[in-house]
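In: A structural model of the following input is requested.
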Amino acid sequence: MEANTELEPVPVSALAAALGLEGDEVRSYGPLAAKIELSALDRLASKPDGRIVSVTSMTPTRFGEGKTTTSISLVQGLARIGERPILCLREPSLGPVFGIKGGGTGGGRAQLVPMEEINLHFTGDIHAIGAANNLLAAMVDAHLLHGNELGLDPHSISWRRCLDMDDRTLRQIVLGLGGRANGIPREAGFDITAASEVMAVVAVAQDLADLRARLGAITVGSTFEGERVTAAQIGAAGSMTVLLKEALKPNLVQTTEGNPALVHCGPFANIAHGNNSLIADRLGIKLGDFVVTESGFGADMGFEKFVDIVCRLGGFSPSVVVLVATVQALKHHGGDPDGGLSALERGFDNLSAALGIVRRFGLNCVVAINRSPRDEAADIDAARRLANELGAEGVAVNEGFELGGAGTTELAAAVVEAAIAPTELSYLYSLEQPIEKKIEAIAIGAYGAASVALSPLARAQAETFEVGGLGGLPICIAKTHLSLSHDPTWLGAPSGFTLPVGELRAYTGAGWIVAICGDMQTMPGLPQDSAARRIDLDAVGATVGLR
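Out: Residues are numbered from 1 along each chain as shown. You can find the predicted model right below:
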């Protein structure tokens with residue numbers, strides 16, 4: 001979908017002033033984007049917090065459910081009913097932009113501007129994260145070559161290079177071929193930048209000092225005696241922080257109706273923790289009465305991580321959760337994407353499971369039926385009726401794609417009403433539980449599993465982490481986003497299965513343990529018919545095919 005340009009964007013300086021930001025707190029990147037200085041957080045610290053609205057969804061399909069479009073249009077709708085909202089979203093990765101998913105700036109009359117810049121490079125944050133990641137990798141290999149003073153075991157090195165592009169051929173590689181001058185040969189690999197620990201660190205760092213401390217705490221491998229070796233010991237923490245100094249500052253843009261949006265950090269939800277930066281959330285709740293933030297993919301993925309990781313770190317809680325559903329997704333999970341009412345009804349098992357996840361956290365929920373222009377009225381009516389039967393605090397049809405904020409006022413009103421009701425946040429696990437028990441709590445409480453099965457490698461890693469003092473970290477599970485289970489072909493609401501855990505990774509800088517389940521890959525690959533084949537320039541030099 002090309003950018004909607006019907007409304008004239010507001011200059012970013014005027015947008016910032018309307019939010020209450022001062023001139024020296026805003027650094028423009030052209031007329032429509034700006035970096036916000038971290039000093040604004042200190043100045044606004046005593047200001048009352050706004051309410052957080054977390055937008056997530058039923059289990060996604062390859063068609064897309066429109067969580068980003070819903071988030072953008074909800075902000076537009078809240079503004080139309082007299083509220084002061086602000087949007088917090090992740091930055092798009094070039095991998096999905098040129099792959100199968102496309103861009104991350106919404107669609108129709110609910111988009112962010114400047115659309116092209118946000119989807120392509122933006123203010124350079126993701127490139128800076130990749131550069132910092134790969135600087136550490138280069139310094140590790142240089143350390144090995146130049147004497148290996150720390151006694152780092154080359155076969156223990158867990159630090160991988162990264163690239164902001166889908167490239168399956170880089171998942172497993174061999175480094176250092178061509179003689180001693182080119183380094184020590186060893187097996188290694190690449191992750192996509194959105195799945196890197198540096199991305200995770202930037203997304204949860206509180207300030208520059210915290211950023212440097214977290215970068216220094218990153219584990220790169222171990223000595224021959226089994227002692228952890230960190231980025232600080234390699235001497236990389238300072239230079240990595242310098243590369244990331246500007247990237248830590250959130251980016252201010254706007255919706256097509258002139259509403260403010262903070263777009264910052266882009267961790268994937270099926271691999272990483274799937275939410276925008278903690279700094280953007282903290283700034284948002286000081287600048288707006290309602291902060292709409294999207295938790296990537298489904299309630300079992302980005303939303304679970306938003307509560308169990310981000311809210312725990314940030315010390316805040318959503319006032320209400322918006323659960324996005326579509327007719328097509330409901331029918332897909334009912335076993336027949338082109339089916340009729342019976343398929344729609346069967347698909348409600350999945351939506352019911354997603355609602356159950358929200359309720360386990362003690363939170364109120366509004367179901368948003370995201371209407372597509374191709375949806376039949378009878379299907380929409382049936383979806384609304386069935387959603388009401390689930391007992392959510394509100395149900396609304398969202399027509400933001402076609403109508404912008406005017407099509408989202410019903411949803412906005414339902415969100416405001418549900419946000420007033422008191423809630424008491426709870427977590428799926430306590431940090432004091434053993435690593436395996438925490439994984440099990442997520443698998444049972446969010447996925448519907450009966451048990452978990454750690455591979456011999458994962459079990460040994462869990463024991464090592466606990467002996468090494470890492471047992472109290474939260475868990476970030478990497479699994480398919482296309483099913484509540486680990487198997488993307490299991491639709492609806494599977495239950496009673498065993499979740500296989502093949503590997504654990506200690507993200508000691510970010511502050512959690514990553515559990516890799518099923519066949520999950522941390523470097524995606526381009527599909528046969530990628531979006532890159534359709535993106536081009538027209539005769540006057542304008543970009544076409546970007547969506």
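In: backbone phi and psi for the closest residue in space to Ser196 that isn't next to it in sequence, please?
Out: In space, and not counting its chain neighbours, Ser196 is closest to Cys162: 4.3 Å by C-beta to C-beta, 6 or more residues apart in numbering. No exception for glycine: its C-beta is placed from N, CA and C like everyone else's. Per-residue torsions, Cys162: phi -140, psi 160 (degrees, to the nearest 10).
In: please tell me how far Cys162 sits from Ile309.
Out: From Cys162 over to Ile309 the distance is 20 Å, taken as C-beta to C-beta, to the nearest Å.
In: between these two, tell me which one has more neighbours.
Out: Cys162 (28 against 25; other C-beta atoms under 10 Å).
In: thought Asp191 was touching that one, still the case?
Out: Yes - look at Cys162 against Asp191 with C-beta atoms under 8 Å: they come within range, at 4.9 Å.
In: shouldn't Val366 be within a strand?
Out: Yes - under DSSP: H, G, I helix; E, B strand; the rest coil, Val366 sits within a strand.
In: count of neighbours near it?
Out: 27.
In: setting aside sequence neighbours, what's the nearest residue to it?
Out: Spatially, and ignoring its direct neighbours in sequence, Val366 is nearest to Gly394 (3.9 Å; C-beta to C-beta, 6+ apart).
In: need the contact list for the one you found.
Out: Contacts for Gly394 (C-beta atoms under 8 Å, 6 or more residues apart in numbering) come out as Val366, Val367, Ala414, Val415, Glu417, Ala418.
In: with Tyr429 instead?
Out: Tyr429 makes contacts with Asp308, Lys437, Lys438, Ala441, Ile442, Ile475, as judged by C-beta under 8 Å, 6+ apart.
In: try it again with 10 Å
Out: Asp308, Lys437, Lys438, Ile439, Glu440, Ala441, Ile442, Gly445, Pro474, Ile475 (C-beta atoms under 10 Å, 6 or more residues apart in numbering).
In: give me the neighbour count for Leu457.
Out: 12.
In: for Leu175, same thing?
Out: Other residues close to Leu175 by other C-beta under 10 Å number 17.
In: now swap in the one 10 residues further on and tell me
Out: One way to gauge burial is a neighbour count; for Pro185, by other C-beta under 10 Å, it gives 13.
In: can you give me phi and psi for it?
Out: phi -60, psi 130.
In: quick check: which element contains the residue lying closest to Lys437 once chain neighbours are set aside?
Out: Closest residue to Lys437 apart from its sequence neighbours, by C-beta to C-beta, 6+ apart: Tyr429 at 7.1 Å. Secondary structure from DSSP states H and E places Tyr429 outside every helix and strand.
In: how far away is Tyr429 from Gly511?
Out: Distance of Tyr429 to Gly511, given as C-beta to C-beta: 15 Å.
In: hang on, the earlier thing: drop anything exposed from the contacts of Tyr429.
Out: Asp308, Lys438, Ile439, Glu440, Ala441, Ile442, Gly445, Pro474, Ile475 (16 or more other C-beta atoms under 10 Å).
In: can you tell me which of the residues you listed are in helices?
Out: Within the buried ones among the contacts of Tyr429, residues falling in helices by DSSP state H are Lys438, Ile439, Glu440, Ala441, Ile442.
In: from Ala236, how far off is the fourth one?
Out: Distance, Ala441 to Ala236, using C-beta to C-beta: 35 Å.
In: buried among the contacts of Gly394? Make that a ChimeraX selection.
Out: One line in ChimeraX is enough to select the buried members of the contacts of Gly394, burial here meaning 16+ other C-beta under 10 Å:
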select :366,367,414,415,418
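In: Gly23: which of the contacts of Gly394 is nearest?
Out: Nearest to Gly23 out of these is Val415 (C-beta to C-beta; 32.8 Å).
In: which residues are contacting stretch 16-26?
Out: Taking C-beta under 10 Å, 6+ apart as the rule, stretch 16-26 contacts 10-13, 15, 27-28, 34-41, 43-44, 47, 84, 86, 249, 252, 258, 260, 262, 283-284, 286-288.
In: for that stretch, what does the pLDDT average out to?
Out: Averaging pLDDT along stretch 16-26 yields 97.
In: what about dumping the CA coordinates of it to CSV?
Out: Once non-C-alpha atoms are left out, stretch 16-26 reads as follows in CSV (Å, rounded to 0.1, in the frame of the first residue of the first chain):
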residue,chain,number,x,y,z
ALA,A,16,7.0,18.3,19.4
ALA,A,17,5.9,21.7,20.8
ALA,A,18,2.2,20.5,20.9
LEU,A,19,3.4,17.5,23.0
GLY,A,20,5.1,19.9,25.5
LEU,A,21,8.7,19.2,24.5
GLU,A,22,11.2,22.0,24.6
GLY,A,23,13.3,23.2,21.7
ASP,A,24,16.6,21.8,23.0
GLU,A,25,15.0,18.4,23.5
VAL,A,26,14.2,17.9,19.8
